[in-house]
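>>> following is a predicted model, sequence given first.
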Amino acid sequence: MDWGSLTGIALALIGILYGQAIEGGTVASLMQPAALMIVLSGTVGAVLVQTKPSTFIRGLVMVKLVLRPPVDDRKSLAKRAIGWSMAVRKKGVFAADTFLKLESDPFIRKGLQMILDGTDAEKIREVCAIDMHFYEVQQNSAAKIWSAAGGYAPTIGILGAVIGLIHVMENLSDPNLLGSGIAIAFVATIYGVALANLVFLPIANKLKAHIQHELMRREMLLNAWVSIVKGDNTKLVEERLDAYLR
């Protein structure tokens, strides 16, 4: 569990609600279902217009990385890579078959399989670079739904405010309805700005950080495989991997 993300969201909400209380307002005045519906439905609709449904769903699924980020296994990978290097230097490329059976990560299996097949270093680099490129494009496309939502939400909030003011203007003769219309107008703007800057944009940036971390992890593995195929000394392989662990 990423307690930093949870703490950040909690602090933001507490700060807003406590500030509202200090000013003499009530929390209930910020609870406007109509305003929330306008902002959320409008934002989701706008994002869906520019995004493929499959990409949109992938972006929603990726939210779990914000609360439960993957374990940083680079140290473990470095140790395993050193073991691969030592085994291949002693027994040849067929030693990779033993390690291949122990791995479940598709990217790692692909690299070990190419070593086992006797693929030269440049081909391994070319194949893995293509794999990493399309991984980055696919994941960034999914993560962008959150940055897009962060861009649309404030504008949809203003739209909600205009709708609220129209409601006010239509009911100028009935003072009992003026209060709810004005509340929707101002609270819709608050929802749009708050959701964009406290939820959508932070999620987008957090996901981008996870994508970059995974790319660095794969780059580390790629350099290890290239060094192994070239027959570099295991100590040299270890020193190259250390650069990714600092």
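Done, it's in. What you see is a predicted model; the values in this text were computed from it and never measured.

>>> now the residue nearest to the spatial centre of the chain: which helix or strand?
In the chain, the C-alpha nearest the mean C-alpha coordinate belongs to residue 207, at 1.6 Å (CA atoms, centre = their mean). Here residue 207, judged by DSSP states H and E, is contained in helix 201-230.

>>> got the domain ranges for this structure?
Under automatic domain parsing, the residue ranges defining each domain of the chain are 1-30, 32-245.

>>> would you map the helices across the protein?
Listed in chain order, the helices of the chain (DSSP state H) span residues 3-22, 33-50, 53-61, 64-67, 74-91, 96-100, 106-116, 121-170, 175-195, 201-230, 234-245.

>>> let me have those in a markdown table, adding mean pLDDT as columns.
A markdown table is the format used below for the helices of the chain (pLDDT from 0 to 100):
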| stretch | mean pLDDT |
| --- | --- |
| helix 3-22 | 71 |
| helix 33-50 | 91 |
| helix 53-61 | 94 |
| helix 64-67 | 87 |
| helix 74-91 | 92 |
| helix 96-100 | 90 |
| helix 106-116 | 94 |
| helix 121-170 | 91 |
| helix 175-195 | 77 |
| helix 201-230 | 94 |
| helix 234-245 | 88 |
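
>>> from residue 88, how far out is residue 98?
With distances taken as CB to CB, to the nearest Å, residue 98 is found 11 Å from residue 88. Every residue, glycine included, has its C-beta placed from N, CA and C.

>>> who's more crowded, the two?
Neighbours per residue, other CB atoms under 10 Å: of residue 98 and residue 88, the larger number sits with residue 88, 22 against 13.

>>> wait, what's in contact with that one?
Contacts of residue 88 were listed using CB atoms under 8 Å, 6 or more residues apart in numbering, and they are 95, 96, 115, 228.

>>> re the thing from before, tell me which of the domains of the chain is the most buried.
The highest average neighbour count among these, using mean count of other CB atoms under 10 Å, belongs to domain 32-245 at a mean of 17.

>>> what's near enough to touch residue 46?
Contact partners of residue 46, counting by CB under 8 Å, 6+ apart, are 148, 152, 156.

>>> would you reformat those as CSV and include distance to residue 104?
Written out in CSV, the entries for the contacts of residue 46 read as follows (distance: CB to CB, whole Å):
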residue, distance to residue 104
148, 33
152, 39
156, 43
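
>>> now, among these, which is nearest to residue 219?
residue 148 (27.8 Å; CB to CB).

>>> tell me the contacts of the closest one?
Shown here is residue 148, whose contacts under the criterion CB under 8 Å, 6+ apart are 46, 47, 50, 51.

>>> turn these into TSV, including distance to residue 186.
Below are the contacts of residue 148 laid out as TSV (distance: CB to CB, whole Å):
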residue	distance to residue 186
46	22
47	24
50	28
51	30
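
>>> on that earlier part again, which of the contacts of residue 46 lies closest to residue 78?
The nearest member of the contacts of residue 46 to residue 78, counting by CB to CB, is residue 148 at 36.7 Å.
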